[in-house]
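Asks: Fold the following for me, if possible:
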Amino acid sequence: MDLSENRKASYTVEVKSAHFGKSQITMHPIVCFYRSGEGLVRHSMVFMSDDICHDYHAVHHFTVMSLEALAKTSPTVQEMHIFSDGCAGQYKGKGTFANLSLYTGQKIQHVFFGSEHGKGEADSETGVINQAVDRAVTSGKLTVKDAGDLFAWCDRELVRSLDGFRR
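Replies: As a prediction, this is how the structure comes out:
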């Protein structure tokens, strides 16, 4: 997991004042790997929010949401290995360690990497989304005012691409 750089609202055509007053969207990708009867499964989730406070409360919320989503598709999580960067405000502070005690019934190991953007498994997830959104905005097919617009567009495009994949 890793918080990506905030995404700014995107308009195809905008007045000059909109350029300097764009709202921002937090994107927090989490890539999970787990074993199932089919072997190793890669499950990718990207959480989007208009709240741009990147603190341990947000990270805890996204982690709980990812565990709830995984509970619907995989057996009970017995052991977690969390890989993140070493940012104290988000992943390595006292609040984060206190939150680890809330995950009961499972063994947890938290591994920290260097605090650099663009190096981890999760960073590529938001990169793909950002490139696709930029292409859609440039072509005039999309306007992103907030996280709701971004999520709705991603949801539609994912369903469309999966329908093409299934055929």
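Asks: May I ask which helix or strand encompasses the residue lying closest to Ala9 once chain neighbours are set aside?
Replies: Take Ala9 and drop its neighbours on the chain: the residue closest to it by C-beta to C-beta, 6 or more residues apart in numbering is Lys22, 4.4 Å away. Any C-beta I mention is one placed from the backbone N, CA and C, and that applies to glycine too. Element membership for Lys22 (DSSP states H and E) is empty, with no helix or strand holding it.
Asks: For Lys92, which three-state class applies?
Replies: Assigned with DSSP: H, G, I helix; E, B strand; the rest coil, Lys92 falls in the coil class.
Asks: what residues are up against the nearest residue to it once chain neighbours are set aside?
Replies: Excluding the flanking residues, the one nearest Lys92 by C-beta to C-beta, 6+ apart is Gly86, at 5.1 Å. Applying C-beta atoms under 8 Å, 6 or more residues apart in numbering, we find Gly86 in contact with Lys92, Phe112, Phe113, Gly114, Ser115.
Asks: Ser124: which of these is nearest?
Replies: Nearest to Ser124 out of the contacts of Gly86 is Phe113 (C-beta to C-beta; 14.7 Å).
Asks: Pull out the buried positions in stretch 101-108.
Replies: If you call a residue buried by 16 or more other C-beta atoms under 10 Å, then stretch 101-108 has these buried ones: Tyr103.
Asks: any idea of the mean pLDDT in it?
Replies: Mean pLDDT, computed over stretch 101-108, is 80.
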